[in-house]
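Undergrad: got a sequence here, can you model it:
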Amino acid sequence: MSYLCTYLNKNSVVKPVTEVESIVPPICKDLVNADGKKPSELFTEQHANMVKEGEKWMKDTATSGSFVAALIVTIMFATAFTIPGGNDEKGAPIFLGNDLFTVFILSDSISLFSATTSVLMFLGILTSQYAENKFLTRLPTKLIIGLSTLFFSIATMMIAFCAAIALSLKERSTKVVIIPVILLACVPVTLFVLLQFPLLVEIFISTYGPGIFNRKIQRWN
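TA: Below you'll find the model as predicted:
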């Protein structure tokens, strides 16, 4: 949690600095202090530890998310070739044309593609350069996309599971079994929302929320 606070503080520090840089005269960026250091050099030196802690939190989050997303990719890819009911003599799915089978195929595909996108986003985070300006928009955007697509992959995976159960039952005791299954499938999705949604909101507000200058300002002369 301390690393998360460090990351958010880092973003809240970098954002005002960039806003100030956008309105001050360009010559001010090259001025030096008594130690001969420019503003950007002094900022980097004073926030070196914050960058390291933010990098550690970002990498830990990306590693955990990529592991879960890769696991979903493996499961959904295997599920696509082990469809409920199997195939007939001609190799066509037995439930082809069934509405539930269509839901199963679409959900499985969306889950696979979403999880793959999530893996790529988390991989992009792990291989990124952790400079101050990267914490402003690039790294947070990758994290937001990675967590969002991971949520969609989990939700659609649960939908595919429920559709597969309904197909396997073949309308025998469907209401007695499928309703509890659907309710149980909502548990992991709900837990993910409760645990990760506040994090997404904080990152989004920190990245795209209003800054210290929430209005149009002309550059100083």
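Undergrad: what does stretch 97-106 rub up against?
TA: With contact meaning C-beta atoms under 8 Å, 6 or more residues apart in numbering, stretch 97-106 is reached by A80, I83, P84, P93, F95, I159, A160, A163, A164, A166, L167. (C-beta placed from N, C-alpha, C; glycine too.)
Undergrad: tell me which element the last one is part of?
TA: When secondary structure is defined by DSSP states H and E, L167 falls within helix 138-169.
Undergrad: for L184, see how far away N98 is.
TA: Note on N98: its distance to L184, by C-beta to C-beta, to the nearest Å, is 23 Å.
Undergrad: and the two? Which one has more around it.
TA: N98 (16 against 12; other C-beta atoms under 10 Å).
Undergrad: so for that one, what's the pLDDT?
TA: With respect to pLDDT, N98 scores 79.
Undergrad: over to the one 3 residues further on?
TA: The predicted local distance difference test score for F101 is 84.
Undergrad: do the one 4 residues further on as well
TA: Confidence at I105, expressed as pLDDT, is 90.
Undergrad: then Q129?
TA: 76.
Undergrad: number of nearby residues for it?
TA: 9.
Undergrad: mind checking how far T117 is from L199?
TA: For T117, the distance to L199 - C-beta to C-beta - is 19 Å.
Undergrad: higher neighbour count, those two?
TA: Neighbour totals were compared for T117 and L199, and T117 leads with 19 against 15 (other C-beta under 10 Å).
Undergrad: which residues touch that one?
TA: Contacts of T117 by C-beta under 8 Å, 6+ apart are I145, G146, T149.
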